[in-house]
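Student: one predicted model, sequence on top.
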Amino acid sequence: MKNKGRFFFSTINSTLIFSLLAFLALFAFVAPLPSLSSHSPSHHRHRKKLNIRKFEIADDKFWKDGEPFRIIGGDLHYFRVLPEYWEDRLLRAKALGLNTIQTYVPWNLHEPSPGDLKFNGIADIVSFLKLCQKLGFFVMLRPGPYICAEWDLGGFPAWLLATEPTLRLRSSDPMYLELVDKWWGILLPVVAPLLYGNGGPIIMVQIENEYGSYADDKAYLHHLVKLARRHLGDDIILYTTDGGTRVTLKKGTILGDNVYSAVDFTTGDQPWPIFKLQKEFNAPGKSPPLSSEFYTGWLTHWGEKLAKTDADFTAAELEKILLRNGSVVLYMAHGGTNFGFYNGANTGSDDSDYKPDLTSYDYDAPIRETGDVDNAKFRAIRKVIEKYTVASLPPIPANNEKAGYGFVKLEKTSKLFDIIGIQDDANVVESVNPISMESVGQMHGFLLYISEFSKRDSASTLSISKGILSPVYVDGRVLHNWKMFSIPLHNLNDQSSSIIQLAGNDLSTVHAGKRMQDQSKNISNEPAFYTGSFTINSANQVKDTFLSVDGWGKGLAFINNFNLGRYWPTFGPQCNLYVPAPLLRHGSNTVVLFELDSPNTDLAVRFVQHEDFSCSQTSSNILEI
């Protein structure tokens, strides 16, 4: 985990106030897969006659109720799509030809603070799973506890980092395992009634996520298997997913616990030699060929060229798997959006090479971030899948309509430092030394650090480690007596009351009496909130749109108090943010920007009908891979 900081200084009565805004930005990586039991084909036929629901592995095949079954699935993450659009996106996945949905479960979404459980709104996993079943999908569930997914801290809640003594995450550390036991002790009983054998859609449950690319603590993996069996029983297939190399499979495979080892690999790698290797890490007859992450596109970081993959190439590589009766899960079928502060980050050449992910998780998937399917990749993949599917596919849905609501004038409604005067004591933590955001009990948003010291006649020298990871020095002396002001700015879980929190007050309260009449004061590089409103005249004009932040620097955008996520057009490539129609309403709508760097000199934003990834520091913004 890394904290990225900004510094602000002001002088008041010979006192220098030092303030630090700390971003909480977190890491990401990738995922694991299935498990089994052995029955002869005659056993399968017998099960079908008895009408017993059973999903199992035998003869190097998947079997559903005694009949061979091929998984043609895709990742679609409920936490990256507004609940109002779950059915829309799933129906588009149906039209693509998929029979299975694979989804992660992010621990940090469901337990943002210890014991604070969220299973409503965008976190209502039970409703999502039931909807999958209603629409005829099976489900491959990936409950972590680490998920990667280019999601904030790989799905781990940030409060794990504040636990003392320090936890060794993703290991057999007893204190870490105790917390995992508690979490899975809550989550797994919630999903257990939805297992296939219990009448639900879940056919497989993943253990950890691409663990062979991270470590080889087999005690940890065996513990997770035992825990899963305790809550889910012995019939469900447990699986791992690892890269298709001998090294990663050796480290990530869980031998001796009847766990199925699936593989993933770069699109373009020859699949069948990798499937042959996969068989070495499964019991005889227990290795149906499955690419549990077939990459339809790729992720993009801020400051990079937009990643794109060729549609025909992707479809041709998919057919290499389906042609010989292999199973496959598209990653992603539909990427969605990293709303709020949930975009993760990766490291590059080393741990200091920090690569934050875009707010958009479009992934160049066949079903675009907006749900659009009128594109070459959707058509090419559907055409291939249709060749290997007995039932006819549903017709391709039309793209959802988009609207452009034009320019919206904003005005500065409060400065960052206005917050200091309205903070409730409950939102301020005092300490001799600065402490981390996690230790303050805050998972997302910003933390404002303030300390005071006597001003010298000559210039003072500030010495710090980025993110306040060690003592802060001024002129060689350690600076003590800090106040930490909590500015979470985030409440994604409960959509019905998704209020931008500022010391317990919503923005409308903060803004009252703080509007600035002098327009010249509205243009400054000091972090501040800028607010405007626009009207949608009729209910049938409420449609998807995009918030263009062209000319703004870097910050956060909110629509009707919902945190859309981060914008950074000066770094690119994402120039505007997707605004799903369910966030808008007939009548007055409010847009708020929390600008950190430099506001647009016109103090305006624009709502447009099309995505835009043309912002870049380079002349060409498309990267073909």
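Tutor: Received it, and whenever you're ready, just let me know what you need.

Student: how's the protein carved up into domains?
Tutor: Using the TED database, the domain parsing of the chain gives 72-340+351-388, 406-453+462-502+524-608.

Student: do me a favour and get the end-to-end distance for the last one?
Tutor: Terminal residues of domain 406-453+462-502+524-608 lie 7 Å apart, using C-alpha to C-alpha, to the nearest Å.

Student: longest helix anywhere in the chain?
Tutor: helix 174-191 (DSSP state H).

Student: please save the CA atoms from that helix in CSV.
Tutor: The C-alpha coordinates for helix 174-191 follow below in CSV (Å, rounded to 0.1, in the frame of the first residue of the first chain):
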residue,chain,number,x,y,z
PRO,A,174,-2.5,-17.0,13.0
MET,A,175,-3.8,-13.4,13.6
TYR,A,176,-4.5,-12.9,9.9
LEU,A,177,-6.2,-16.3,9.7
GLU,A,178,-8.3,-15.5,12.6
LEU,A,179,-9.7,-12.4,10.8
VAL,A,180,-10.2,-14.5,7.6
ASP,A,181,-12.1,-17.1,9.6
LYS,A,182,-14.4,-14.4,10.9
TRP,A,183,-15.0,-12.9,7.5
TRP,A,184,-15.6,-16.2,5.7
GLY,A,185,-17.6,-17.3,8.7
ILE,A,186,-20.0,-14.4,7.7
LEU,A,187,-19.8,-14.5,3.9
LEU,A,188,-19.8,-18.2,3.2
PRO,A,189,-23.0,-19.0,5.1
VAL,A,190,-24.7,-16.2,3.2
VAL,A,191,-23.8,-17.8,-0.2
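
Student: which parts of that helix are buried?
Tutor: Buried positions in helix 174-191, judged by neighbour count with 16 or more other C-beta atoms under 10 Å: 176, 177, 179, 180, 183, 184, 187, 188, 190, 191. Using the backbone N, CA and C atoms, a C-beta is placed for each residue, glycine as well.

Student: ok, now stretch 329-340?
Tutor: Buried, per 16+ other C-beta under 10 Å, within stretch 329-340: 329, 330, 331, 332, 333, 334, 335, 336, 337, 338, 339, 340.

Student: between those, which sits nearest residue 470?
Tutor: Nearest to residue 470 among those is residue 340, at 29.3 Å by C-beta to C-beta.

Student: so when I look at the closest one, I'm seeing a helix, right?
Tutor: No: according to DSSP: H, G, I helix; E, B strand; the rest coil, residue 340 belongs to no helix; its state is coil.

Student: is it true that it touches residue 490?
Tutor: Yes: between residue 340 and residue 490 there is a contact under C-beta atoms under 8 Å: 5.0 Å.

Student: between these two, what contacts are shared?
Tutor: 444, 563 (C-beta atoms under 8 Å, 6 or more residues apart in numbering).

Student: how about the nearest residue to residue 538, chain neighbours excluded?
Tutor: Counting by C-beta to C-beta, 6 or more residues apart in numbering, residue 586 is the residue found nearest to residue 538 once chain neighbours are left out, at 6.3 Å.

Student: any idea how far residue 592 is from that neighbour?
Tutor: According to C-beta to C-beta, to the nearest Å, residue 586 and residue 592 sit 20 Å apart.

Student: neighbouring contacts of stretch 181-193?
Tutor: 105, 107, 110-111, 117, 119, 125-126, 129, 141, 143, 145, 198-200, 202, 224, 227-228, 231-233.

Student: select from those residues every entry located in strands.
Tutor: 141, 202 (DSSP state E).

Student: please convert the buried members of the contacts of stretch 181-193 into PyMOL selection syntax.
Tutor: In PyMOL, a selection of the buried entries from those looks like this (16+ other C-beta under 10 Å):
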select buried, resi 105+107+110+111+117+119+125+129+141+143+145+200+202+224+227+228+231+232
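
Student: show me what contacts residue 615?
Tutor: 550, 569, 570, 571, 572, 573, 574, 575, 621.

Student: SS state for residue 325?
Tutor: What three-state DSSP gives for residue 325 is coil.

Student: which residue sits closest to it, ignoring its sequence neighbours?
Tutor: Using C-beta to C-beta, 6+ apart, the nearest residue to residue 325 is residue 70, at 6.5 Å.

Student: what about the one you found, neighbour count?
Tutor: A count of nearby residues for residue 70, using other C-beta atoms under 10 Å, gives 20.

Student: what do you get for the one 5 residues further on?
Tutor: For residue 75, the neighbour count with other C-beta under 10 Å is 28.

Student: quick one: list the elements packing against the host helix or strand of it.
Tutor: Assignment of secondary structure by DSSP states H and E places residue 75 within strand 72-76. Applying 3 or more C-beta pairs under 8 Å, 6 or more residues apart in numbering; DSSP states H and E, one finds that strand 72-76 contacts helix 86-96, strand 100-104, strand 327-334.

Student: what's that strand in contact with?
Tutor: 89-90, 93, 96-104, 138, 140, 293, 322, 327-334, 336, 367, 385, 388-389.

Student: sec struct for the closest residue to residue 331 other than its chain neighbours, please.
Tutor: Distance criterion C-beta to C-beta, 6+ apart; nearest residue to residue 331, sequence neighbours excluded, is residue 293 at 4.0 Å. Of the three states, residue 293 takes strand under three-state DSSP.
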